[in-house]
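Chemist: Generate coordinates for the sequence data below:
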Amino acid sequence: MRSVIFSISLLLLASCGNEQPKNDTASAVETPAASALQTTVDSIAKSVKAKIAVASINVETGDTFYYNGTDHVPTQSTIKFPLAVMIMKDVDSGKITLDEKFTLTNDELKIRGGQTLLEALKGGNSMKVHSLLEYMTHVSDNISFCGFTRYVGGGKQIEAYIKSTGLQGIGVAQRAGEPYVDFENPYNTWCTPQDMAKLMVKFYKGELMSKTSTDTLRSIMERTTGGTKRIKGLLPEGTVVAHKTGSSDTKGGKTVAINDIGIVTLPSGQHIALAVYVHDITGDMEYGESVIAAVAKAVYDDAVKK
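Modeler: Predicted structure coming up:
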C-alpha cells in the first residue's frame, strides 16, 4: 500500500508541473515545448532518489518516447528475456524441444535465487524445458537461467545474439572460467533501454522466431507472477502485460537496480514495448517498484490519449 500511495503522489506532483505558462514572445515561439509525457517523467525523475531510464515504442505505429534511452543501465534479470528468445529459436530449429527433460548440474542447483525451483524438483535435477522457462520468467529463477546460459554457450553468447539482430546496446560480463553471467559487477552487464525496447518490438512482431514460439513465450511472459507492483502497478485492472523483471539486493539502504520490461496492451488493441530501468537507488525494492509504476502509468495514459 505504501508503494501505491507513493506512486500516486509522484504522478500528482508531476502533473502540477505540466501546465505551461502562456508567453507570446518570439523567443517562446521559437523554442519547442517539451511534450506532456516528457515533462511528467522529468518531474518524476527530479523528485526521486534514483536515476531513471525509459524507452517506449508503439509496436503498431512506431511512435517512440525515450528518456535517457541510450544510458548504459544494469540489466539484472531482464537479460533473461533474450535468453528465453534464444531457447525458443532452438526449439524452432529442432535442437531442443519444450517437452524434453533438461538436466541441471550440481553446481547450478547450488546457485542462490532458486528456492522455488528446488522445492518443485523435490531432490531431482531435471525438468521439462517449458517448465524451466516458466520458472525463469515467472519468479526470475536463477538456477534455470544458469542452466540455459550454459546450454547456449555462455553469457557472451547472449550478447552476441542480441548484436546479431542489429542492436548494439548490450554488454554481458561472463564469470571467469565459467559460462555464467557475472552479476557481482552489475554495471558490467548492461543494456540501453532503447535497444531492449527495440528487441521486444522485434519479438512481438514475430521477427525473431516462428509464430508458434512467439505466442508461447508471450503467453509465458503474460503469466509472470512477479513484479506486479512495477509496470502493472498503477495500470487499470486486467491490463495485459507480457513482462520480465530485474532486481538487485538492497544493502545499506542502497539498491543498484529495479527494472521491468514488457509489452503493454492498450484499450485500442495497440501495444507498447516499455522498458523502465531505475538504478542507483537510495531506497529498497518497494521504493524502486513505485517509481516504475509511476513512470509506466504516465506512459500508458499518454498512449491512450493519442
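Chemist: Name the nearest residue to residue 279, sequence neighbours excluded.
Modeler: Nearest residue to residue 279, sequence neighbours excluded (CB to CB, 6 or more residues apart in numbering): residue 257, at 4.2 Å. Any C-beta I mention is one placed from the backbone N, CA and C, and that applies to glycine too.
Chemist: which strands and helices sit next to the one helix or strand the one you found maps to?
Modeler: Assigned by DSSP states H and E, residue 257 belongs to strand 254-265. Strand 254-265 is packed against strand 73-74, helix 193-204, helix 211-222, strand 241-247, strand 271-282, helix 285-305, with contacts defined by 3 or more CB pairs under 8 Å, 6 or more residues apart in numbering; DSSP states H and E.
Chemist: quick one: which of the ones you listed is nearest residue 115?
Modeler: Ranking the helices and strands packed on strand 254-265 by proximity to residue 115 (CB to CB) places strand 241-247 first, at 15.2 Å.
Chemist: Sheet partners, orientation included, of that closest one?
Modeler: Partners of strand 241-247 in the sheet, by DSSP bridges, are strand 254-265 (antiparallel).
Chemist: Mind putting the helices and strands packed on strand 254-265 into JSON lines with mean neighbour count and distance to residue 174?
Modeler: What follows is these, written out as JSON lines (neighbours: other CB atoms under 10 Å; distance: least, CB to CB, whole Å):
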{"stretch": "strand 73-74", "mean neighbour count": "26", "distance to residue 174": "15"}
{"stretch": "helix 193-204", "mean neighbour count": "24", "distance to residue 174": "19"}
{"stretch": "helix 211-222", "mean neighbour count": "16", "distance to residue 174": "24"}
{"stretch": "strand 241-247", "mean neighbour count": "25", "distance to residue 174": "18"}
{"stretch": "strand 271-282", "mean neighbour count": "25", "distance to residue 174": "21"}
{"stretch": "helix 285-305", "mean neighbour count": "23", "distance to residue 174": "26"}
